[in-house]
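Asker: sequence-free structure coming up:
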């Protein structure tokens, strides 16, 4: 292979002109080409500028043709230039010769990905030569970006499967091993969801202090008892702080005593020692400053050497991910969490902080309507990749005179099952959610009101 072939300049000006010409000539696939490509998929600077203007016109809802292109370029001013106008003048001359341009679109994307990959590897090489202090960070970033390019590549030739093939696959799964299932230990919730499965993203959300982390912890504990192991990633608490709560619950010691060791009796200490001795030696906790690339690397390593069935991310706003602003970072975090679950064939639980407080209107009046994804999150962009979304609703208690407190677990999204409220209790001593007996459930007013107004719906 020659040095020229190794240069990151793989391109095809003819294909670029065919695609641009087809768009201005109103080819039947012009709209599809506009949606499939980006400015970076073109190598020639003039072609990049022309395509950028095409997208601007399309966004405005205006017709994309030579006349509107000339007018828009002239209006913008900064794109004026003899070469650019000359490039415009020759577009569309050959577009009538082909009925199919998507092959050219796919080829442009392949060339673009090849340039992007070579540039990425060159940059990684330069960075690695300059420093040896940040090798892991450089490799993590490079691997993550290569994974994104690979996902783009998978989209190029994907034309779906027939209904017959999809039906065959569905029946084959029913008769085969579906893989491990993660249960919460809340009977009705597990019945509705069928357990959390490999490749699924489950979002657990609640207001601060309502127990969303505790619900994830009891899911992890149940999975461990079933022989499935996890990685719990905590950006909020150190590993030892997480274990304090689990040890207190396992040893039947009041949680406050873990902060007030002067209250611990000798019997308490012996019970805590016994509980610590029975902790799993395979499940792991990753704490401190967390980045999704670091989590991905650690999870990949655990899957390879010790096995990994469940990944828990606690919580979304404390885990760094790439993006221009906070909203984009959160969206990419959710998408990357889903990708990790599919790549490593493990269930992923993402603990999510609510952006809106549920239960009050703008006038601070009680809101008796049942919670919904739109009211809790506003936009669905953050939760569209989730298979299951659970909202833990638990009232703030000023006194802890009663061990069991009222709670409701709302299944707000469930791709393969029913949604709605599940009456529950929260044990303040065991720090866990349990299903509420059916006879007591009718007394829960929010649930009863929801059932009377909407029915026991799926």
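Answerer: Received it, and whenever you're ready, just let me know what you need. All figures in this text were calculated on a predicted structure; none of them were measured in a lab. Numbering: from 1, shown residues only.

Asker: Give me the longest helix you can find in the chain.
Answerer: helix 102-130 (DSSP state H).

Asker: Can you point out the buried residues in it?
Answerer: Neighbour-count burial for helix 102-130 flags 104-105, 107-117, 120, 124, 127 (criterion: 16 or more other Cβ atoms under 10 Å). (Glycine included, C-beta is placed from N, CA and C.)

Asker: cool, and stretch 130-148?
Answerer: 138, 140, 141, 142, 144, 145, 147, 148.

Asker: quick one on the thing from earlier: from the buried residues of helix 102-130, which single one is nearest residue 258?
Answerer: Checking these against residue 258 by Cβ to Cβ gives residue 127 as the nearest, at 44.3 Å.

Asker: List the contacts of the closest one.
Answerer: Applying Cβ atoms under 8 Å, 6 or more residues apart in numbering, we find residue 127 in contact with 134, 138.

Asker: same check, this time on residue 338
Answerer: Here residue 338 is in contact with 201, 348, 385, 386 (Cβ under 8 Å, 6+ apart).

Asker: The same query, at a cut-off of 7 Å, please.
Answerer: Counting by Cβ atoms under 7 Å, 6 or more residues apart in numbering, residue 338 makes contact with 201, 348, 385.

Asker: which among those gets closest to residue 30?
Answerer: Closest to residue 30, out of all of the contacts of residue 338 and judged by Cβ to Cβ, is residue 385, at 30.2 Å.

Asker: contacts for stretch 317-337?
Answerer: 201, 235-236, 290-292, 313, 316, 348, 350, 353, 381-382, 385.

Asker: Take the residues you listed and keep only those in helices.
Answerer: Mapping those onto helices (DSSP H) picks out residue 292.

Asker: Out of the contacts of residue 338, who's the most crowded?
Answerer: Counting neighbours by other Cβ atoms under 10 Å, residue 348 leads those with 27 neighbours.

Asker: for the residue lying closest to it once chain neighbours are set aside, what are its contacts?
Answerer: Take residue 348 and drop its neighbours on the chain: the residue closest to it by Cβ to Cβ, 6 or more residues apart in numbering is residue 341, 3.9 Å away. The neighbours of residue 341, taking Cβ under 7 Å, 6+ apart as the test, are 199, 200, 201, 311, 347, 348.

Asker: From residue 309, how far out is residue 341?
Answerer: In this view, residue 341 and residue 309 are 11 Å apart by Cβ to Cβ, to the nearest Å.

Asker: do the same with residue 259
Answerer: 32 Å.

Asker: can you give me the helices in the stretch 351-458 of the chain?
Answerer: Listed in chain order, the helices of the stretch 351-458 of the chain (DSSP state H, counting those that start in this stretch) span residues 373-377, 438-441, 445-454.

Asker: same check, this time on the stretch 101-250 of the chain
Answerer: Counting by DSSP H, counting those that start in this stretch, the helices of the stretch 101-250 of the chain are 102-130, 135-156, 163-175, 187-193, 212-225, 239-251.

Asker: Make TSV out of these and add distance to residue 55.
Answerer: Output for the helices of the stretch 101-250 of the chain, formatted as TSV (distance: least, Cβ to Cβ, whole Å):
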stretch	distance to residue 55
helix 102-130	14
helix 135-156	18
helix 163-175	34
helix 187-193	41
helix 212-225	41
helix 239-251	48
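
Asker: Widest-spaced pair of the contacts of stretch 317-337?
Answerer: Most distant of these, by Cβ to Cβ, are 236 and 381, 23.6 Å apart.

Asker: Now do the contacts for residue 311.
Answerer: Residue 311 makes contact with 230, 231, 299, 340, 341, 346, 348 under the criterion Cβ under 7 Å, 6+ apart.

Asker: one more time with 6 Å
Answerer: Counting by Cβ atoms under 6 Å, 6 or more residues apart in numbering, residue 311 touches 231, 299, 346, 348.

Asker: likewise residue 12?
Answerer: By Cβ under 6 Å, 6+ apart, the contact set of residue 12 is empty.

Asker: Tell me the spacing between it and residue 49.
Answerer: 18 Å.

Asker: ok so, going back, the contacts of residue 311 in strands, which ones?
Answerer: The strands, defined by DSSP state E, take in 231, 348 from these.

Asker: between the contacts of residue 311, which is closest to residue 219?
Answerer: residue 348 (11.7 Å).
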